[in-house]
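*Asks:* Mind folding the following:
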Amino acid sequence: MELKTLYKAGQVARRVRELGRKITRDYRGEPIELVGVLENSFIFLADLARAIQSPVRCHFIRSETREIRDPAGYERKEIFYTPEFSAAGKHVLLVDGVLTSGVTMDFLLKRVGLSQPKSVKTAVLIDKPAERKLALQPDYFGFRMASNKIVVGYGLGWDGFYRNLPYIGTPAPAQSRTAAARKHVRRSKRRKR
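*Replies:* Got it, this is the predicted structure:
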């Protein structure tokens, strides 16, 4: 698959450092529990943790949406996450790679809130407000995208692949690939002359 670069590796690194400085200022040296939502957050969380100049403790949780049929025969979706961690009296920062509908993040915010943390906020690498189903805004975001493009790289995957790319990209449109192929053929013909 051919990819179009949206944000170069240097842009991503600079933005994560900026977020780290802002989070450091906001928490004023107090310890932070960073909670990464797997799999999309793992690279972002690792670099963000290094950019924060406050004591941090890292946790990882996996969220899963399951369709369940209740006794009356109605289907409904439920969100589960594992493992549980103790958030009572702590500053919690939920970290994810992409915020789209907001349904899962809203669930996690409410669930963590039940254990009475000192504060609970969110940080995402990519914010896609156009796809939001709930009125939820991240406290910190790396990049805001107006379109619903598929994004890959820097921990974000498509069918499990492309997470290892140092930049953030999107699949190139088929028309662009065709145009690029024609351009390549024209160049090859010129070289042969």
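
*Asks:* Spatially central, which residue of the protein would that be?
*Replies:* With distances taken as Cα atoms, centre = their mean, the residue of the chain nearest its centroid is Gly97 (0.8 Å).

*Asks:* do you know how far Gly157 is from Ile52?
*Replies:* Between Gly157 and Ile52 the distance is 24 Å, computed by Cβ to Cβ, to the nearest Å. Just so you know, the C-beta spots here come from the backbone N, C-alpha and C atoms, and that holds for glycine as well.

*Asks:* The two - which one has more neighbours?
*Replies:* Neighbour count, other Cβ atoms under 10 Å: between Gly157 and Ile52, Ile52 has more, with 19 against 16.

*Asks:* give me every residue that touches that one.
*Replies:* Neighbouring residues of Ile52 by Cβ atoms under 8 Å, 6 or more residues apart in numbering: 20, 23-24, 27, 32, 34.

*Asks:* Is the closest residue in space to it that isn't next to it in sequence in a helix, a strand, or coil?
*Replies:* In space, and not counting its chain neighbours, Ile52 is closest to Gly20: 4.8 Å by Cβ to Cβ, 6 or more residues apart in numbering. Secondary structure for Gly20, judged by DSSP: H, G, I helix; E, B strand; the rest coil, is helix.

*Asks:* I'd assumed Ser119 was in contact with Gly113.
*Replies:* No. At 9.9 Å, Gly113 does not count as touching Ser119 under the criterion of Cβ atoms under 8 Å.

*Asks:* can you pull out the helices in this structure?
*Replies:* Per DSSP state H, the chain carries helices over the ranges 9-27, 42-51, 103-113, 174-192.

*Asks:* weakest of these in terms of mean pLDDT?
*Replies:* Note on the helices of the chain: lowest mean pLDDT is at helix 174-192, with a mean of 49.

*Asks:* got the angle for the longest strand anywhere in the chain vs helix 103-113?
*Replies:* If you go by DSSP state E, the chain has its longest strand at strand 56-69. Computed by axes from the mean of the first three to the mean of the last three Cα atoms, to 10 degrees, the angle separating strand 56-69 from helix 103-113 equals 120 degrees.
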